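> Please work out how this folds:
(one chain, ligands or ions: 1)
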Amino acid sequence: MSDGFGLDHLPYGVFVTEGSAPRVGVRYHDRVVDVATVRPELDHPTLNTFMALGPDAWARTRAQITELVGSEVLPAFPLDAVSLLLPFGVGDYVDFYASLDHATNVGRIFRPDQEPLLPNWRHLPVGYHGRSGSVVVSGTPVVRPCGQRKAPTEDSPTYGPSRRLDIEAELGFVVGVGSELGSRIPVGELSRHVFGVVGLNDWSARDIQAWEYVPLGPFLGKSFATSVSAWVTPLAALADASTDLPAQEPAPLPYLSGGHALDIAVEVVLNGEVVSRPPYRTMYWSPGQMLAHLTVNGASTRTGDLFASGTISGPEPDTRGSFLELSWGGKEPFAGGHTFLEDGDEVTLRYSAPGTGGGRITLGEVTGRIEPARP
Ligand code: MN
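Reported below is the predicted structural model:
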């Protein structure tokens, strides 16, 4: 069965069946394998206890589960017989802006008469601290946010539901082993700290964002919801997805040199129709560079910290990872007249990558439906 959930993948999640306590499970094809008996750290309502053990324990456990999962030794449940919960307790959440094409497109849309990239962009991975408390698991409805909006043509702001609700197709990286306050994580040590990867949709209210973001950056236009996949793909399953970074010019400062891109294909699905195919391998900054930059000032990291890539956009129009870009600021409707999200719209982000077995693996998808603003 080539569904992308074979022995070369085995992503982790947290599930619950009726009358039982939430615990860690592993997806194998269309079943959730109950691995709580494999080691005590998996009999927990989040992945954090297991993730904190570090890369040697991750590798040993993965080898053990690989041996057991195909046998009938461990209990397993059909996917539709379980509920999937947020797989990890989210610590700090940082969102980057690592796609050259996305940053260039946004610059052209918002500042058409200026250089699209700001002077710092090619020197450091730009990011902001987001809100971990509103990170939700795939399938959680997204209520249209209200807030202050002011179009450039209006004299003063008004309050009401966002009229420019958007998606951002991203990848998220989950920290397993943290780092001490005052220490730094070098680019090459990503795999000693990052446990795995999730699909991530950074829902964004463009009208709220445009009015509030100067001078301190994104705030309420982003913090109302961030969706992540129910399945965390271990970094080990992406070993063959590693590829060269695009050329970085000028060369980054020494603490940012090195790192690899990931060859992950993304699909943006709107109400059942694929509307874009962003290629993660085109991202300018690597995950290792993002983590090195996040800690270069000595900021500590903890188990469960989440950092996201920023919107994934490629160079072609049908590889853009946000509706802002797909509709070019709302001026060019796409996919049968769409600009921004309508109530009832459902967006699913799908991800796939080369697996270590010669085929492809399917990362956990991220889905969400827009509910009307609350009065
Ligand atoms: Mn984002």
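
> ok, now which ones touch the residue in the stretch 101-250 of the chain that the ion sits nearest to?
Per C-beta to the ion, residue 202 is where the stretch 101-250 of the chain lies closest to the ion, at 3.5 Å. For glycine as for every other residue, the C-beta is placed from the backbone atoms N, C-alpha and C. Contact analysis of residue 202 by C-beta atoms under 8 Å, 6 or more residues apart in numbering lists 95, 130, 167, 168, 170, 222, 226, 308, 311.

> Please give me every residue in contact with the closest residue to it other than its chain neighbours.
Closest residue to residue 202 apart from its sequence neighbours, by C-beta to C-beta, 6 or more residues apart in numbering: residue 168 at 3.9 Å. Each residue near residue 168 by C-beta under 8 Å, 6+ apart is listed here: 201, 202, 203, 204, 310, 311, 321, 322.

> got it, and residue 70?
7, 28.

> can you offset everything so residue one is 615?
Let's use 615 as the start, then, which means that last one is residue 684.

> Give me the pLDDT for the residue of the chain most remote from its centre.
Within the chain, the residue lying farthest from the chain centre (C-alpha atoms, centre = their mean) is residue 769, at 36.5 Å. Looking at residue 769, its pLDDT stands at 95.

> same check, this time on residue 615
Listed pLDDT for residue 615 reads 57.

> can you check residue 873 too?
88.

> What helix or strand is it located in?
According to DSSP states H and E, residue 873 maps onto no helix or strand at all.

> Relative to residue 898, how far out is it?
Distance of residue 873 to residue 898, computed by C-beta to C-beta, to the nearest Å: 11 Å.

> how long is stretch 762-781 from one end to the other?
Stretch 762-781 has an end-to-end distance of 19 Å (criterion: C-alpha to C-alpha, to the nearest Å).

> Contacts only, for residue 617.
643, 644, 976.

> what kind of secondary structure is it in?
coil (DSSP: H, G, I helix; E, B strand; the rest coil).

> Show the backbone phi and psi for it.
Phi and psi for residue 617, reported as degrees, to the nearest 10, are phi -100, psi 0.

> Residue 683 touches residue 621, doesn't it?
Yes - contact criterion C-beta atoms under 8 Å: residue 683 and residue 621 qualify, at 7.0 Å.

> Looking at those two, which is more packed in?
residue 683 (21 against 16; other C-beta atoms under 10 Å).

> circling back: wait, which of the contacts of residue 617 is closest to residue 724?
residue 976 (34.7 Å; C-beta to C-beta).

> Write out the residues of this protein neighbouring the ion.
The chain comes close to the ion at residues 709, 782, 816, as judged by C-beta under 5 Å from the ion.

> What are the contacting residues of the longest helix seen in the chain?
Identified as the longest helix of the chain according to DSSP state H is helix 669-683. Residues from elsewhere that reach helix 669-683 (C-beta under 8 Å, 6+ apart): 621, 624, 640, 642, 647, 649, 652-653, 655-656, 664-665, 688, 790-791, 805-806, 809, 848, 850.

> Now that helix: buried residues?
669, 672, 675, 676, 679, 682, 683 (16 or more other C-beta atoms under 10 Å).

> CA atoms only for that helix, dumped as PDB, please.
Written as PDB, here are the backbone C-alpha positions of helix 669-683 (Å, rounded to 0.1, in the frame of the first residue of the first chain):
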ATOM      1  CA  PRO A 669      18.200  11.700  19.600                       C
ATOM      2  CA  ASP A 670      19.600   8.400  20.800                       C
ATOM      3  CA  ALA A 671      16.300   7.500  22.500                       C
ATOM      4  CA  TRP A 672      14.400   8.700  19.400                       C
ATOM      5  CA  ALA A 673      16.500   6.400  17.200                       C
ATOM      6  CA  ARG A 674      16.300   3.300  19.500                       C
ATOM      7  CA  THR A 675      12.500   3.700  19.900                       C
ATOM      8  CA  ARG A 676      12.000   4.200  16.100                       C
ATOM      9  CA  ALA A 677      14.000   1.000  15.500                       C
ATOM     10  CA  GLN A 678      11.900  -0.900  18.100                       C
ATOM     11  CA  ILE A 679       8.600   0.400  16.700                       C
ATOM     12  CA  THR A 680       9.700  -0.500  13.200                       C
ATOM     13  CA  GLU A 681      10.200  -4.100  14.300                       C
ATOM     14  CA  LEU A 682       6.800  -4.300  16.200                       C
ATOM     15  CA  VAL A 683       4.500  -2.300  14.000                       C
END
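
> same for the helix or strand just after it, what does it pack against?
Once the chain leaves helix 669-683, the next helix or strand it forms, by DSSP H and E, is strand 690-692. Where contact means 3 or more C-beta pairs under 8 Å, 6 or more residues apart in numbering; DSSP states H and E, strand 690-692 is packed against strand 645-648.

> Skip ahead from the strand it packs on and say which helix or strand is next.
Next along from strand 645-648, by DSSP H and E: helix 662-665.

> buried set for that following helix?
662, 663, 664, 665.

> Name the spans of this protein whose pLDDT lies under the cut-off.
615 (pLDDT under 70).

> Can you show me the helices along it?
Using DSSP H, the helices of the chain run over residues 662-665, 669-683, 714-724, 804-807, 820-826, 901-909, 937-940.

> what does the fourth one contact?
The reference is to helix 804-807. Taking C-beta under 8 Å, 6+ apart as the rule, helix 804-807 contacts 668-669, 789-793, 799, 849, 873, 901-902, 905, 915.
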